[in-house]
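> Give me a 3D structure for the following:
(2 chains)
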Amino acid sequence: MAVSAEISAPPSRPRLAFDGWTVAAALIAALPAVPILSLALTALGGSFGGWPELAAYVLPTAIRDSAILLAGVGLFAAVVGCGAAWLVTAFDFRGRRSLEWMLLLPLAIPTYVAAYAWLDLTHPLGPLQSGLRAMLGYTSPRQFRLPDIRGMGGAIVLLGLVLYPYVYLTVRATFLAQSATLIEAARTLGTPRRAVFRRIALPLARPALALGVSLALMEALNDIGASEFLGVKTVTVSVYSTWVTRNDLPGAAQIALAMLLFVTALVFVERWGRRGQRYAASARNARPTRPARLSGWRGVLALAIGLAPVLLGFLAPAAHIAVQAGKRLDFAGLSGPIVREVLNTVAVASVATAVVVALGAVAAYAARLRPAGPAPLFARIASLGYAVPGTVVVIGLLGPVAALDRGFATAGGWFGFATGLVMIGSGSALVLAYAVRFLAIGVGGAEAGLARAPLALDGAARTLGDTPVAALRRIHLPLARGSIAAAAILVFVDVMKELPATLLIRPLNFETLATHLYAEAARGTYEDGAVAALIIVAVGVVPVILLSRIGTAARARE
Amino acid sequence: MQAPAVRLESVTKVFDGRVVVDGVSLDVASGEVVSLVGASGCGKSTLLRLIAGLERLDGGALSIESAVVAGPGAFVEPERRGVGFIFQDYALFPHLTVSRNVRYGLKGVPAREAAAIAEEMLKRVGLAGFGERYPHMLSGGEQQRVALARALAPKPRLVLLDEPFSNLDRRLGETVRMRTLALIRELGAAAILVTHDPQEAMASGDRVALMRRGRMVQIGRPEELYDRPASREAADFFAAATPVPGRRVNGHIETRLGRFPAPAAIADGAEVAVYLRAPHVTPASPGQGVEARLVGMSFVGDGYELLLRVDGLDEPVRARSAERNGARIGEVIHISVRPNDGLIFPIET
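Coordinates of the predicted model:
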């Protein structure tokens, strides 16, 4: 028989501590690790010539502004997110089901689009102020104008309005999972209904709150467009201007290193917020809480309160963008540049998505195959990039990428032709930056998919003659298809919305929808920008629908 | 003599510094069925996974049909060992039909032929016509039979079964077990059945291997293990037994319950424990045997099992009675022991 013939000649292979899978996982982990290390080297190795000036004039303001902005956005997002989550889980009223997913909609609007739309909307000659003046009988902006949204206060409110859904999402999931028996126990022990939120629900949701706030703040730290348009000089903006306008890479790296301190602080705050508490485990088969029914005017009031963040965070800016885009399309049609930018955007997003999903699957599968070795750690390291702002990733990548390009140029020189900047010119460097930044989504999606298949399935496939690769192809990829597809959608949309990395490392004259919007907003022109913004928002709604469906599916199972 | 289907030589496995399998040696002859039994955590499932190549061993050597598949400097990947494995929770592929599951291991077989083999295997396990269903549409017993058909379809010379009947209720488990083993024997494959159930181990195996804390404690025919357990734990494992302290006096073992012939290996004056199982102890006529207070009685089908307190003994003694005899809980009755039945072990001090 064939099988026994094979067995009679076993390949004698020495046991290696590092095999192909572990090596592959290590290489993938190097993607985020290398830029971070390179950043440190550039920062410390560079001349500190510009440092006194940076230290004296740029950094103190930047760090102070960033700290105030993050604190403000964190507080705003926490209050709005928790309040909205409690509203839709503790109460039932007409329209609650719709409100539940509508509260996620602001996620579809990138921070720089929100700033772009609101700046235009609240411009003294814009629709909001003109409408108000017409209503109140004024004729000129001199007689009546609203306070300018530029400045710290406006930035906090604006970022908070589009970032609160992170808190809403995580906290609502916890509220839904909270056991009714806990709340009933509190009631029998003398806690009045109105105190349940403060004394039971909120403390139990603290880990989720910490997670949601830290996610929102990572986005806030990543933001470059909104802060710049609104005139807030954060560290992110400083990194960008130090590199782009002053051409001072070591200086930018030094500030970027300071940003990493913010990221570390965020991660620390999140850990501290959780403080090793794992409440969720006890609530596995818990009976969910029954929401209190609000009828009549109370129900209408609840719906109105719930709709306020949706209106300000999504409906108003989205509607304004749609109207402006409509006008522009009526006037000029779909212009050539926009079409080219759509194609550019789709092209880089597709390539980056394919890279991220493939690398994520390999890293996650390596961790499954070699749970005892370093592979699981590598998968974690590979996921680090999500916490690192796009500007920092790019500043870190510039060193290694430039070295590669020099290498290519030298190699080209031997054969007598000029290669130019291969990595940056071809967009490979851009895809690399996206991969570093969004690898966490690819790894997470693949891990979630793999986790659905019990380990015995691997054993069954192996004993039936599959190699590890064949088992991945025949068993895991078909089973994990849904999770991986969801991850691919998230990566695609995130890449499409990504602004800071794209601005810094794209090939010359290569415009995407995001960079186009940025350029027009920075110039103060609002021509095709609205069309670009509308496309970004429209695509951004896709993952929101996905998220809301996951929420409903979880409820349908209960 | 034919090469053994599988040979284990001082196989050792360490997890996180804990020795899970400790120098186990075992030969399974071609076509033989061996039951591997022990309490949970004794390392029996790990041993099975080592044989299949799903874990790598840390010491010793392992050969299948006289080819080394694991040992110093050698490791054959599981897909090249040609071993059938049946998992505790069956591990059917949820995205494939029953027929596709059964065909999964048929590499390099033309599609038409593979379909025919799958149909034949399904017929043999009594699931003809189930091919187009999906695993989740089947009952537990049916899923187990699909797992069996899938493992046997590539005609392995060795089948490993990891507690595959433990998720079925007792009655169904027995039926499925008998059919499974009959089919494996019919195909002439050797098999190792891992179980924590001593009854199942004795009923299934040509030989029974008892493991404890990673070590092989005893191996032999079921009757040998039952009648001549090598240790006190083994004595208690195959049927509940009560230890009764004793001492060798004048060529006999004297205990609170009576006298037993002393084995030659035990010196005069030595302390021993005599393990008594329920059938060894029977009610006696008044005035004979020893007085005991009845503390529990349960009907076990072909008689009654009694639980009795005897003055001077820490643990209650089990006895077997064919009749109820009007006995009531709390009453004092007389019991006697057949002298040749006790299992005598020295007490290590």
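> which sections of chain B are below the confidence cut-off?
By pLDDT under 70, the weakly predicted segments of chain B are B:1, B:348-349.
> The stretch 401-550 of chain A now?
Checking the stretch 401-550 of chain A against pLDDT under 70 turns up A:550.
> in it, which spans are helices?
Here the stretch 401-550 of chain A has its helices, by DSSP state H, counting those that start in this stretch, at A:422-426, A:428-451, A:455-463, A:468-471, A:477-497, A:500-505, A:513-523, A:529-557.
> distance between the longest one and the chain's centre?
Relative to the chain's own centre, helix A:529-557 is displaced by 14 Å; criterion: Cα atoms, centre = their mean, to the nearest Å.
> A:Ala78 and A:Leu211 touch, don't they?
No: between A:Ala78 and A:Leu211 there is no contact under Cβ atoms under 8 Å: 11.5 Å. C-beta: built from backbone N, CA, C; applies to glycine.
> So for chain B, which of the helices of the stretch 401-550 of chain A sits nearest?
helix A:455-463 (3.7 Å; Cβ to the nearest Cβ).
> contacts for the closest one?
A:368, A:468, A:470-471, A:474-475, B:49, B:52-54, B:77-79, B:81, B:83-85, B:87-93, B:104-105, B:150-151 (Cβ atoms under 8 Å, 6 or more residues apart in numbering or on different chains).
> Of all residues in the stretch 251-400 of chain A, which one is closest to chain B?
A:Ala372 (8.5 Å).
> Measure how buried that residue is and give me the count.
Using other Cβ atoms under 10 Å in any protein chain shown, A:Ala372 has 9 other residues around it.
> tell me the SS of it?
coil (DSSP: H, G, I helix; E, B strand; the rest coil).
> For it, what are phi and psi?
When read as degrees, to the nearest 10, the backbone of A:Ala372 gives phi -90, psi -20.
> Return the per-residue confidence for it.
Per-residue confidence at A:Ala372 stands at 84 (pLDDT).
> and the stretch 401-550 of chain A, which of its residues are near chain B?
A:454, A:456-457, A:459-467, A:470, A:474-475, A:478-479 (Cβ under 8 Å from any Cβ of the partner chain).
> Are any of the residues you listed buried, and if so which?
Among these, those classed as buried by 16 or more other Cβ atoms under 10 Å in any protein chain shown are A:456-457, A:459-466, A:474-475, A:479.
> Hmm, B:Ala91 is touching A:Ala453, no?
No: in this structure, B:Ala91 is not within contact of A:Ala453 by Cβ under 8 Å, at 9.2 Å.
> Name the residue in these two with the higher neighbour count.
Legend: neighbour count by other Cβ under 10 Å for B:Ala91 and A:Ala453, higher for B:Ala91 (26 against 21).
> who touches that one in this structure?
B:Ala91 makes contact with A:Pro454, A:Ala456, A:Leu457, A:Gly459, A:Ala460, B:Ala147, according to Cβ under 8 Å, 6+ apart.
> run the last query once more with 6 Å
When contacts are counted by Cβ atoms under 6 Å, 6 or more residues apart in numbering or on different chains, B:Ala91 touches A:Ala456, A:Leu457, A:Ala460.
> Look up phi and psi at residue 339.
In the absence of a named chain, this looks at chain A. Dihedral angles (degrees, to the nearest 10) for A:Val339: phi -60, psi -40.
> Actually, chain B is the one I wanted.
With angles defined as degrees, to the nearest 10, B:Pro339 sits at phi -60, psi -30.
> In a markdown table, list the contacts of B:Ala91 along with distance to A:Thr515.
Formatted as a markdown table, the contacts of B:Ala91 follow (distance: Cβ to Cβ, whole Å):
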| residue | distance to A:Thr515 |
| --- | --- |
| A:Ala456 | 49 |
| A:Leu457 | 45 |
| A:Ala460 | 50 |
